[in-house]
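Novice: 3D model of this:
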Amino acid sequence: MFEIQMEPESNTMAGTKPRTREVFFTNWDKYFADEQIRARVIEVHGEIAGSVACFQADGKNCLGYWMAKEFWGKGLASRAVKMFLEEETRRPLHATAASANTASRRILEKCGFELVEEKMGEETERFVKCQIADYVLKS
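Specialist: Numbers count the residues shown, from 1 in each chain. Okay, here's the model as predicted:
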């Protein structure tokens, strides 16, 4: 998973900055220790293809996912998110995507998320400054 999140094209599409090894593993340790976070690894034929998770951000239940580049364009992310949403029943569930990331936006829309607004996202330690699309899944 650490190496998957390092892929430059994935980070450009997502509007993110790759995490250092220390930060990455510290975050995953928190995920496994926090009962409010539900995180799943996506496997395809025994190979790690990505992850999907529900976590808290700014007091909201949020969905996030990441797919290894070699698994893009095969419908696997949509399928993984749909399967995850059958297990994760908290609603509303929020998600964001870089506005230019049409593939990620399409996945969210296929899974029932509705666009709430588009706005300029701020530069942070994790994110680059870019236009962000905010989504919500109400039921």
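Novice: ok, now which ones touch residue 134?
Specialist: 94, 95, 96, 115, 116, 117, 118, 119 (C-beta atoms under 8 Å, 6 or more residues apart in numbering). In this view, the C-beta of every residue, glycine as well, is placed from N, C-alpha and C.
Novice: Skipping adjacent residues, who's closest to the fifth one in space?
Specialist: It refers to residue 116. Nearest residue to residue 116, sequence neighbours excluded (C-beta to C-beta, 6 or more residues apart in numbering): residue 134, at 4.6 Å.
Novice: how about the CA coordinates for the longest strand seen in the chain, as PDB?
Specialist: Determined from DSSP state E, the single longest strand within the chain is strand 47-57. Taking C-alpha atoms only, strand 47-57 is exported to PDB below (Å, rounded to 0.1, in the frame of the first residue of the first chain):
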ATOM      1  CA  GLU A  47      -2.600  -9.000  -5.300                       C
ATOM      2  CA  ILE A  48      -3.100  -5.800  -3.400                       C
ATOM      3  CA  ALA A  49      -4.900  -3.400  -5.800                       C
ATOM      4  CA  GLY A  50      -5.800  -0.600  -3.400                       C
ATOM      5  CA  SER A  51      -7.800   0.400  -0.400                       C
ATOM      6  CA  VAL A  52     -11.100   1.900   0.700                       C
ATOM      7  CA  ALA A  53     -12.000   3.500   4.000                       C
ATOM      8  CA  CYS A  54     -14.500   5.400   6.000                       C
ATOM      9  CA  PHE A  55     -13.000   7.900   8.400                       C
ATOM     10  CA  GLN A  56     -13.800  11.100  10.300                       C
ATOM     11  CA  ALA A  57     -12.700  14.500   8.900                       C
END
